[in-house]
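Undergrad: Give me a model of this one.
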Amino acid sequence: TKSVDGMILHASIVTPEIADYLVSSGIPHTVIGMPSFPTSACWIDNNNMLSGQLAAKHLLTINKESIAYISGEKDDLISELRLKGVYRELKDNFIDLNEDFVIRTNSTHHEGYEATLKLLNMNPRPNAIICANNMIDLGCINALRDQNIQIPDDIAVVTFDDYPYAIITNPPTTAINIDVYDLGQQAARLLIEKIKKPTYQFQTYMTVPLLVTRRSTRKD
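TA: Numbering: from 1, shown residues only. Got it, this is the predicted structure:
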């Protein structure tokens, strides 16, 4: 006996085996977030490459062209897509991203802190840092403050998503945010369509990222 009509899952828990089961069993489903592996499963996501472009574009508008990127691990697909967006925006503005300014971490506060110290010891050093996520951002902001770096005058900082730390860092961090409520609504809408039409297939970007400026890139 079938217990549910459909399922919504977050990409972080979807393995290749789970994805294969969803497809082969015909269970109507929506995965929130693009899986990090090839699959026929149905998914929706925000456009992480566009998010990276928006982060870089904002920094360029405040005359911060020497941009560093503190990333997650190389197999962190979201982080890598955001980095690709940064590369694309800088290239479109005829600016090269210094490869030494790209530092990969395990997305912990400690490694975000240590990566920031490494960037500060470079000569020349960046005048802006893009953090791949909030945990890295928290470490980055703390490291800059501990080294008496003026934010944003000396170094500006941008991160992705508001939750959980961007709003409460000191100073609060400018973020490229997504409307997670809208993303949930879109996931439910597509799942209902999938239940009604079992052959309906989708893999798409649905939510447009938004720039939320705070004191890490502006003076109040």
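
Undergrad: Could you pull up phi and psi at Arg215?
TA: Arg215 has phi and psi values of phi -70, psi -10 when expressed as degrees, to the nearest 10.

Undergrad: all strands of this structure, in order?
TA: Under the criterion DSSP state E, strands of the chain are mapped to 7-10, 29-32, 43-46, 67-71, 102-104, 128-131, 156-160, 174-177, 203-207, 210-212.

Undergrad: contacts for the fourth one?
TA: Contacts with strand 67-71, where a contact means Cβ atoms under 8 Å, 6 or more residues apart in numbering, come from 56, 59, 79-80, 83, 86, 90, 97-98, 101-105, 112, 115-116, 119, 126-132, 136, 140. To be clear about C-beta, it is placed using only N, CA and C from the backbone, and glycine gets the same treatment.

Undergrad: related to what we said a few turns ago, mean pLDDT for the strands of the chain: which is lowest?
TA: Least confidently modelled of the strands of the chain is strand 203-207, at a mean of 82 by mean pLDDT.

Undergrad: hey, C-alpha coordinates of that strand in CSV?
TA: Output in CSV follows, covering the C-alpha atoms of strand 203-207 (Å, rounded to 0.1, in the frame of the first residue of the first chain):
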residue,chain,number,x,y,z
GLN,A,203,15.4,20.1,-13.8
THR,A,204,15.5,23.8,-13.5
TYR,A,205,16.5,27.0,-11.8
MET,A,206,13.4,28.7,-10.2
THR,A,207,14.5,31.4,-7.8
